[in-house]
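Participant: Got a sequence here, can you build the structure:
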Amino acid sequence: MAENILRKLVNNSQMAINDGVYEIDADLQKSNKDFVQIIKTNQHATLLTEIKFASPSLGKIRTTSDPVSIASQMIAGGAKALSILTQPHLFNGSPEYFMKVRQAVDVPLLMKDIMIDKVQIDAAKKIGADYMLVIQSLFDQKFLKDIDDFISYGHKQGLEILLEVHTKEEFKNALKTEADIIGINNRNLDTLEIDLKTTEKVLEGYEKTRVILSESGIETPEDINYLKKLGADAFLIGSSIMKSDNIQEQVKKLVNAY
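Facilitator: Numbering: from 1, shown residues only. Below is the predicted model:
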């Protein structure tokens with residue numbers, strides 16, 4: 001089933017590529033802020049909050065609205081960086097949303113997409129992304145080849161790399177790469193179920209060498225403190241914030257977890 005889901009995600013990206021979604025005429029500048037340095041010096045929980053209006057597991061999360069307004073509320077609440085979905089299929093994302101936010105804020109931005117082709121990396125540079133997402137399982141399961149070349153190409157475009165893993169084996173492979181941050185996705189793509197213990201299982205016995213981001217299923221300050229004790233340095237939070245009636249206050253509550 002996992003392969004089917006991954007295949008579907010890959011097919012969605014190929015469809016978007018074929019539709020010309022990433023053929024962008026822009027030259028926006030990324031932020032001048034170092035997200036890793038922010039993570040290392042922030043006295044509170046460092047949040048990378050995500051703007052997404054839908055997902056494969058939840059369907060519609062929030063009625064599509066002004067992404068700049070949402071971004072402003074997140075930053076006012078204390079988010080240090082933003083993740084913005086650019087994948088139109090299943091996620092209702094758009095490079096247009098990303099560019100609107102880029103032109104309005106100066107925090108580091110992650111282009112969140114299922115990256116399968118260098119044309120998407122080129123697009124990330126054009127729209128002013130600081131980070132791009134790479135998914136380890138797409139390489140481990142042979143949907144894509146040569147992760148080192150993919151990451152190197154991103155670095156050459158001036159992008160930092162968030163490399164996402166879900167299993168211990170993927171984590172071990174990720175540590176062999178030049179990825180800047182490793183994200184542990186608590187969501188099981190086989191069942192789409194979320195278990196925060198995924199971060200615990202993946203980090204068990206790990207001697208810290210990289211910045212670790214825990215992703216998915218984080219809803220409360222208690223969740224953040226639990227993950228911090230396991231070794232997570234920062235937290236990617238999307239759905240629980242996007243579903244909130246008061247985004248700014250929800251972010252603020254989570255930032256002040258510690």
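Participant: count of neighbours near the closest residue to Lys243 other than its chain neighbours?
Facilitator: Of all residues not flanking Lys243 in the chain, Ile61 sits nearest, at 6.1 Å (CB to CB, 6 or more residues apart in numbering). Placement of C-beta: from N, CA and C, glycine included. Using other CB atoms under 10 Å, Ile61 has 20 other residues around it.
Participant: try Lys197
Facilitator: So Lys197, with other CB under 10 Å, has 10 neighbours.
Participant: related to what we said a few turns ago, next, find the distance separating the residue nearest to Lys243 from Glu160.
Facilitator: 26 Å (CB to CB, to the nearest Å).
Participant: again with Tyr131
Facilitator: Distance of Tyr131 to Glu160, computed by CB to CB: 5 Å.
Participant: Next: Ser244.
Facilitator: 28 Å.
Participant: out of these two, which sits in the busier spot?
Facilitator: Shown here are Ser244 and Glu160; by other CB under 10 Å, Glu160 has more neighbours (19 against 16).
Participant: ok, that one touching Ala129?
Facilitator: No. With contact defined as CB atoms under 8 Å, Glu160 does not reach Ala129; the gap is 9.0 Å.
Participant: Now the common contact residues for the two.
Facilitator: Taking CB atoms under 8 Å, 6 or more residues apart in numbering as the criterion, Glu160 and Ala129 do not both touch any residue.
Participant: the helices in the stretch 151-258 of the chain, which residues?
Facilitator: Assigned helices in the stretch 151-258 of the chain, in chain order: 168-174, 197-203, 221-230, 239-242, 247-255 (criterion: DSSP state H, counting those that start in this stretch).
Participant: Now the first one: average pLDDT?
Facilitator: Model confidence over helix 168-174, given as mean pLDDT, is 97.
Participant: Please state the offset of it from the chain centre?
Facilitator: Taking CA atoms, centre = their mean, to the nearest Å, one finds helix 168-174 lying 18 Å from the centre of the chain it belongs to.
Participant: For that helix, name the packing helices and strands.
Facilitator: helix 136-140, strand 160-165, strand 181-185, helix 197-203 (3 or more CB pairs under 8 Å, 6 or more residues apart in numbering; DSSP states H and E).
Participant: Report how many residues lie close to Lys118.
Facilitator: Residues near Lys118, counting by other CB under 10 Å, number 13.
Participant: For Asp34, see how far away it is.
Facilitator: Lys118 sits 25 Å away from Asp34, going by CB to CB.
Participant: residues in contact with Tyr22?
Facilitator: Counting by CB under 8 Å, 6+ apart, Tyr22 has contacts 16, 95, 119-120, 122-123.
Participant: Format the residues you listed as TSV; extra columns: distance to Asp180, secondary structure and neighbour count.
Facilitator: Below are these laid out as TSV (distance: CB to CB, whole Å; DSSP: H, G, I helix; E, B strand; the rest coil; neighbours: other CB atoms under 10 Å):
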residue	distance to Asp180	secondary structure	neighbour count
Ala16	25	helix	23
Pro95	22	helix	26
Val119	22	helix	15
Gln120	18	helix	23
Asp122	19	helix	15
Ala123	19	helix	25
